[in-house]
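Asks: Below: sequence and its predicted model.
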Amino acid sequence: MIRAIIVLLLPVAAHADTLRVATYNTELSREGPGLLLRDIQRGDPQVQAVVDVLTMTRPDIVALQGIDWDLDGLALSALQETLEVAGLSYPYIFAEQPNSGIETSFDLDGDGKTGGPGDAQGWGRFTGQSGLAVLSRYPIAVDQIRSYSTMLWQDLPGATLPVVQGTPFPSAQAQAIQRLSSTAHWVVPIDTPAGRLDLMTFHASPPVFDGPEDRNGLRNRDEIRLWSLLLDGKQGTMPSERFIIAGDANQDPDRGEGRKEAIKGLLAHPLLQDPSPTNSEGVSTTVHWKGVGEMRVDYTLPSADWRVLDAGVYWPAPPARAIVEAASRHRLVWVDLLDD
């Protein structure tokens, strides 16, 4: 009965040629390697709830965050197959090793120890924990994907790395190998019926869980700022096609902790448009964290040359809402685009 109600509440594409692009932090991350694959194969309730959210909203292209990566792509392929059985086909998928869980020999988090999850290039208990993936109905030009994930933080123009009493934190040696991306930054070309689209996706570090040096806050700001620099032609290659930024910035422009200037600057960038999606209650909340509250941290930001037909945060009324709540603390954010 709940699924029947959800079908009636679906955000339906407004035009036959509409392209629906979404971002969704699935929180499909587990405590160890191989466990996500096991849970997908077992029909784990949370996995099934994520599948239900995707089949209810039916994006043509979706950027996923919080999904464990493995070398052979077994978990992502299993999710792809599960979606296919549920009636949602994504013949084209992409994921590569994220920075999360890549071990280093340095104390990167400044706790005086090495070898912990905070000493990986991005926080993680194992290689690939909580990575990214792209699912698409349309061909992905894999050989033309541009990744900025290996860029050193200190090499970003205007980067601000943490300093304590005039000394690089946690050390100059650590900063010399520290990558900017806590997870990844990808520009993924996709050949849609409306033409080539560059999907720009990432998952930034939360700007908390650090000390007065504000390491995570500074990193979050620079991870977001990378996109503005790219659009300004000051870093990397500017997109030559229509594009959309779809990902988890871990930053609300007004609420919560963190340095707001980067996300505010990105939202106001002249090459972008912010559809300002809201849920069924007219609220822009995309995540609810216990003890923190509701925030907007997940974004779909099309380039200014798209016609936006509609946008929203998927948050159906009860009792259908129970499935969304069982899937993730984050909500799927979608935008419908039309090629004029």
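Replies: Thanks, I have it.

Asks: which stretches of the stretch 1-150 of the chain form strands?
Replies: Using DSSP state E, counting those that start in this stretch, the strands found in the stretch 1-150 of the chain span residues 19-28, 61-67, 92-94, 131-136, 146-147.

Asks: could you redo those as TSV and give each row distance to Leu54, mean pLDDT and mean neighbour count?
Replies: C-beta here means a position set from N, CA and C on the backbone, and glycine is covered the same way. Shown next, in TSV, are the strands of the stretch 1-150 of the chain (distance: least, C-beta to C-beta, whole Å; pLDDT from 0 to 100; neighbours: other C-beta atoms under 10 Å):
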stretch	distance to Leu54	mean pLDDT	mean neighbour count
strand 19-28	7	98	25
strand 61-67	7	98	27
strand 92-94	13	98	19
strand 131-136	8	98	26
strand 146-147	25	98	14
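
Asks: Compare the ones you listed and give me the one nearest Ser205.
Replies: strand 61-67 (12.2 Å; C-beta to C-beta).

Asks: what number of residues lie near the closest residue to Gly211 other than its chain neighbours?
Replies: Spatial nearest neighbour of Gly211, chain neighbours left out: Gly110 (7.3 Å); criterion: C-beta to C-beta, 6 or more residues apart in numbering. Residues lying near Gly110 (other C-beta atoms under 10 Å) number 18.

Asks: Would you quantify the distance from Gly110 to Phe169?
Replies: 6 Å (C-beta to C-beta, to the nearest Å).

Asks: hey, what's in contact with both of these two?
Replies: Glu213, Arg215 (C-beta atoms under 8 Å, 6 or more residues apart in numbering).

Asks: Val297: which of the strands of the stretch 1-150 of the chain is closest?
Replies: So among these, strand 19-28 is nearest, using C-beta to C-beta, at 8.4 Å.

Asks: what distance separates the closest one from the centre of its chain?
Replies: 8 Å (C-alpha atoms, centre = their mean, to the nearest Å).

Asks: just stretch 285-296 next, same as before
Replies: That offset, for stretch 285-296, works out to 16 Å (C-alpha atoms, centre = their mean).

Asks: can you tell me the distance between the two ends of stretch 278-289?
Replies: 18 Å (C-alpha to C-alpha, to the nearest Å).

Asks: in it, what's buried?
Replies: Thr278, Asn279, Ser284, Thr285, Thr286, Val287 (16 or more other C-beta atoms under 10 Å).

Asks: which residues are in contact with that stretch?
Replies: 9, 25, 276-277, 294-298, 312-317, 329-331, 333.
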